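> this one's sequence-less:
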Ligand SMILES: NC(=O)c1ccc[n+]([C@@H]2O[C@H](COP(=O)([O-])OP(=O)(O)OC[C@H]3O[C@@H](n4cnc5c(N)ncnc54)[C@H](OP(=O)(O)O)[C@@H]3O)[C@@H](O)[C@H]2O)c1
């Protein structure tokens, strides 16, 4: 355990959920590069330890704390906040990244799995925002990056709960951005399209078309965050697709999404 008294740092602190893999792992690397101390959380302790060891070896003086938690559990966000208070760290940037997607015929997906998806993708994200945003507002700086998806822009048949969860994240983030940006706090909905990660091990095979890297996604996110944008769609082809879709009737875009995602 870190000796709290010995670690008095003026570096900003980022809390990243789902940092054991994929986009969250890449956020940890990029934010360490930018001079942040980190709190990384996920369920797989070994992965987090590997990440932390790599970052400590590469960035002299960095503080990296690990919190192992299952964020689908209702008590987890509060427990994470309590642990961070105990560590004496003020979160300057919250990256709500942990998430997964169920795929298939609605009636064939286990109800408990979809409850877990809503708990993780939606409830934990709101709870963590509640836990850390008030202090950011008091300080007059800081922010939240919520990982939504291009799935947030139209209903997604065969991934109906996932699409709805990401539409929630996008709408919630845009609304909150409007509430807080004049008080110095940023909220961004980062919307990746298909990205090479372990996501497709649990969800579905990636749709045909360009696949982005996690580094691309994180670079897009941090650029938009630094500009104070409310929404960022990663990658030109995803941006064009969303723009075209916005010109079509919603029934058409739902049908097209259904064709693409059909199991
Ligand atoms: N990849 C894509 O194409 C894509 C596109 C659009 C949006 N996204 C979004 O991007 C975010 C990151 O996904 P990714 O592609 O990087 O997926 P990934 O490689 O599967 O990583 C998911 C991360 O979430 C964590 N996680 C999963 N369930 C958890 C739980 N119950 N409690 C705590 N942590 C949990 C995992 O860690 P543990 O397993 O160690 O807990 C892992 O670190 C998600 O919100 C996803 O919806 C991904």
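Happy to help now that I have it. Source: prediction; values computed, not measured. Numbering: from 1, shown residues only.
> what about the helices in the stretch 151-263 of the chain?
Using DSSP state H, counting those that start in this stretch, the helices of the stretch 151-263 of the chain run over 160-180, 199-202, 214-227, 236-246, 250-261.
> near the ligand, anything from the fourth one?
No. Looking at helix 236-246 against the ligand by C-beta under 6 Å from any ligand atom, there are no contacts, and the closest approach is 9.4 Å. Every residue, glycine included, has its C-beta placed from N, CA and C.
> give me the distance from that helix to the chain's centre.
21 Å (C-alpha atoms, centre = their mean, to the nearest Å).
> pull the residues that contact that helix.
The set of residues external to helix 236-246 that reach it, using C-beta atoms under 8 Å, 6 or more residues apart in numbering, is 150, 153, 154, 191, 192, 193, 209, 210, 212, 233, 253, 256.
> of these, closest to the ligand?
The shortest gap between the ligand and any of the contacts of helix 236-246 belongs to residue 192, at 3.9 Å (C-beta to the nearest ligand atom).
> count of neighbours near the closest one?
With neighbours defined by other C-beta atoms under 10 Å, the count for residue 192 comes to 26.
> isn't it right up against residue 149?
Yes. Look at residue 192 against residue 149 with C-beta atoms under 8 Å: they come within range, at 6.2 Å.
> by mean pLDDT, show me the worst of the helices of the stretch 151-263 of the chain.
Of all the helices of the stretch 151-263 of the chain, the segment with the smallest mean pLDDT is helix 199-202, scoring a mean of 76.
> before we move on, back to that, wait, which of the helices of the stretch 151-263 of the chain is closest to residue 145?
Evaluated over these, closeness to residue 145 peaks at helix 214-227, with 5.7 Å, by C-beta to C-beta.
> can you point out the buried residues in the closest one?
Neighbour counts using 16 or more other C-beta atoms under 10 Å place 214, 216, 217, 218, 220, 221, 222, 224, 225 of helix 214-227 among the buried residues.
> before we move on, the earlier item: and the contacts of helix 236-246, which is the shakiest by pLDDT?
In terms of pLDDT, residue 209 ranks lowest among the contacts of helix 236-246, with 76.
> tell me how many other residues crowd that residue.
Residues within reach of residue 209, counting by other C-beta under 10 Å, total 11.
> contacting residues around it?
Applying C-beta under 8 Å, 6+ apart, the residues near residue 209 are 193, 194, 237.
> repeat that for 6 Å
For residue 209, the set of contacting residues under the criterion of C-beta atoms under 6 Å, 6 or more residues apart in numbering is empty.
> gap between the nearest residue to residue 206 once chain neighbours are set aside and residue 110?
In this structure, residue 206 finds its nearest non-sequential neighbour in residue 194, 4.5 Å apart by C-beta to C-beta, 6 or more residues apart in numbering. Separation of residue 194 from residue 110 (C-beta to C-beta, to the nearest Å) stands at 25 Å.
> ok, the nearest residue to residue 160 once chain neighbours are set aside to the ligand distance?
With C-beta to C-beta, 6+ apart as the criterion, residue 160 has its nearest non-adjacent residue at 5.9 Å, and that residue is residue 106. In this view, residue 106 and the ligand are 18 Å apart by C-beta to the nearest ligand atom, to the nearest Å.
> and for residue 106, the neighbour number?
By the other C-beta under 10 Å criterion, the neighbourhood of residue 106 contains 13 residues.
> start and end of stretch 145-158, how far apart?
Between the opening and closing residues of stretch 145-158 we find a distance of 27 Å, counting by C-alpha to C-alpha, to the nearest Å.
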